[in-house]
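[1] Structure of the sequence below:
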Amino acid sequence: MPGSHHHTSTRAASSWALVGLLAALAALRPACIEESPASGFDTAGMLGNVADAVVIPALDDLAEAAAAASVAVAAWEQSGSPAGLDAAREAWADLADALQVAELMQIGPAAPSSSAQGGEDRRDLIYSWPTTNPCRVDQELVEEGYASDTFFTDNLVNVYGADTLEYLLFHPEGNECAGQHPINDEGTWDALSASEIEDRRAAYASVVADRIAEEADALAASWGPGGVFADQLATAGQEGSIYTTELSGLNAVFDALFYLELHTKDAKLGVPLGVVEGCGAPPCIDAIESRWADANLAHLAANLVGFRQLWTGGDGLGFDDLLVSIDQGPLNEELMTALSAADAAVLGHTGTLAEALADRPEDVQSLYDAVKAVADILKSDLPPLLVLQVPGEAGGDND
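    Residues are numbered from 1 along each chain as shown. Coordinates of the predicted model:
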């Protein structure tokens, strides 16, 4: 965000005082770490297990699903047949399932560069929701911008990625631009025949699917085998790791779990319901995640799977074992019970999320409440126990 530029001696003195304070706090950090209840736990073993048994398999699954989607979409482009489109849509659904599990694995390269150590924003190159713009996709379709060699460097993430691919595969006839937008006002959209639009959608989708496959493969490769980031996490606290302490590595995994709070609960359920800021007149059906494929419930279920895997460490060491090691087994059981209840709430939901928002908002509220029960434990009970910090985005959220 833009800041103030008042160059006064008072402000300069304050700035240097702040720098000194931050340096002093940083110097005290190791002493705090030694006091952590987790100090007697095999944190290095847990971090290594999270990398090898949770993150790498999830990213490998994503890369495999993305490659399969690329093949299926290319086949649809070649055939132009309804059967080809159906196969491409099924491949997108498989891709979305893998992606929504991997959404919980935003540690290191997939994480935001603005807030995470090792963050490279690679997640947004694969899937940018809620940063989407269907009208911009329609504009690129009319202009055939997707055919340019510099398409990906010339444009923002809101015209490519798995969200754009969903739009191209599932959107019905017409476009999402306002009437006064040039593609409508100047008649360039209407000048295209239905078959031309379909052909361009297929060609655009193929370009996007290929790029998703490339980015997913690169993300998986950044972890292993042969990648370096798994070692960065596993060797937290050792020389050469970007994580200067084991606790900072543990906090990176903890931060990733907050996808459930900030995105699954708030963005995917709270905003459309109107219980979280962002919806002017609820219900806001246009704010749901999967507007075109109606895959919202599958997305929620996959997020819960990803959370469970990251929390438990799969079959190895995870946060559940960490809590048991500090005599907090009952708290872990409380979280796991809430997580199972959230699973049941999502799996037991009937119809689509859009239908429920319109006709039965109380059903969507029940989903929100079920996910909130898990997120509340994560946000309120764990940080003081484990000397972990809540991500800045979640720190001021008191819902």
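
[2] domain ranges for this structure?
    Domain segmentation of the chain under automatic domain parsing yields 41-226, 258-393.

[3] Find out how far the first one is from the centre of the chain, if you would.
    Spelled out, that is domain 41-226. For domain 41-226, the separation from the chain centroid amounts to 13 Å (computed by Cα atoms, centre = their mean, to the nearest Å).

[4] if you average pLDDT over it, what comes out?
    The pLDDT scores in domain 41-226 average 97.

[5] so which of the domains of the chain comes closest to Gln238?
    For Gln238, the closest of these is domain 41-226, at 8.4 Å, according to Cβ to Cβ. C-beta: built from backbone N, CA, C; applies to glycine.

[6] so how far does that closest one reach from one end to the other?
    28 Å (Cα to Cα, to the nearest Å).

[7] Next: stretch 107-120.
    Note: stretch 107-120 ends 10 Å apart using Cα to Cα.

[8] outside of that stretch, which residues touch it?
    Stretch 107-120 is contacted from outside by 55, 102, 106, 121-123, 219, 222-223, 229, 232-233, 242-243, 248, 252-253, 255-256, 391-393, using Cβ atoms under 8 Å, 6 or more residues apart in numbering.

[9] cool, stretch 191-202 as well?
    Stretch 191-202 is contacted from outside by 73, 76-77, 80, 141-142, 144, 168-169, 173, using Cβ under 8 Å, 6+ apart.

[10] can we see that at 10 Å?
    73-80, 84-85, 88, 137-138, 140-144, 146-147, 167-169, 171, 173-175, 183, 189 (Cβ atoms under 10 Å, 6 or more residues apart in numbering).

[11] pretty sure Asp363 is in contact with Gly351, am I right?
    Yes: using Cβ atoms under 10 Å, Asp363 makes contact with Gly351 at a distance of 8.4 Å.

[12] Compare those two (neighbour count), which wins?
    Asp363 (18 against 13; other Cβ atoms under 10 Å).

[13] Please read off the pLDDT at the more buried one from the model.
    Listed pLDDT for Asp363 reads 96.

[14] host element of it?
    Assigned by DSSP states H and E, Asp363 belongs to helix 361-376.

[15] buried residues in that helix?
    For helix 361-376, the buried set under the neighbour-count rule, 16 or more other Cβ atoms under 10 Å, comprises 361, 363-365, 367-368, 370-375.

[16] Which of the residues you listed sits closest to Asp321?
    Here the nearest of the buried residues of helix 361-376 to Asp321, counting by Cβ to Cβ, is Val374; it sits at 18.1 Å.

[17] Now the closest one: closest residue in space, sequence neighbours ignored.
    Ala338 (4.6 Å; Cβ to Cβ, 6 or more residues apart in numbering).

[18] what about the nearest residue to Glu144 once chain neighbours are set aside, neighbour count?
    Of all residues not flanking Glu144 in the chain, Arg200 sits nearest, at 6.6 Å (Cβ to Cβ, 6+ apart). Number of residues near Arg200 (other Cβ under 10 Å) recorded here: 19.

[19] For Arg200, give its distance to Ser206.
    11 Å (Cβ to Cβ, to the nearest Å).

[20] what is in contact with the two at once?
    146, 168.

[21] if we can go back for a sec, how distant is the helix holding Asp363 from the center of its chain?
    The answer for helix 361-376 is 19 Å, by Cα atoms, centre = their mean.

[22] May I see the buried residues of the following helix or strand past it?
    Using DSSP H and E, the helix or strand that follows helix 361-376 in sequence is helix 382-386. Across helix 382-386, burial judged by 16+ other Cβ under 10 Å covers 382, 386.

[23] contact partners of the helix or strand following helix 382-386?
    Moving toward the C-terminus from helix 382-386, the next helix or strand (DSSP H and E) is helix 392-395. Applying Cβ under 10 Å, 6+ apart, the contact partners of helix 392-395 are 112, 114-115, 255, 258, 261-263, 266, 375, 378-379, 383, 389.

[24] Show me the shaky parts of the stretch 251-399 of the chain.
    Applying pLDDT under 70 to the stretch 251-399 of the chain flags the ranges 395-399.

[25] which residue ranges form the helices in it?
    259, 271-273, 296-312, 319-325, 329-347, 353-359, 361-376, 382-386, 392-395 (DSSP state H, counting those that start in this stretch).

[26] repeat for the stretch 51-200 of the chain
    Along the stretch 51-200 of the chain, counting by DSSP H, counting those that start in this stretch, helices occupy 56-79, 82-102, 122-126, 134-143, 151-154, 162-170, 182-185, 194-223.

[27] Could you check how many residues crowd around the residue nearest to Val271 when sequence neighbours are not counted?
    Closest residue to Val271 apart from its sequence neighbours, by Cβ to Cβ, 6+ apart: Gly278 at 4.1 Å. Using other Cβ under 10 Å, Gly278 is surrounded by 14 other residues.

[28] how near is Gly278 to Leu141?
    Counting by Cβ to Cβ, the separation of Gly278 from Leu141 is 28 Å.

[29] residues in contact with the residue nearest in space to the middle of the chain?
    Centroid check for the chain by Cα atoms, centre = their mean gives Glu103 as the closest residue, at 3.8 Å. Applying Cβ under 10 Å, 6+ apart, we find Glu103 in contact with 58, 62, 110, 123, 126-127, 129, 256, 259-260, 263-264, 299, 302-303, 306-307.
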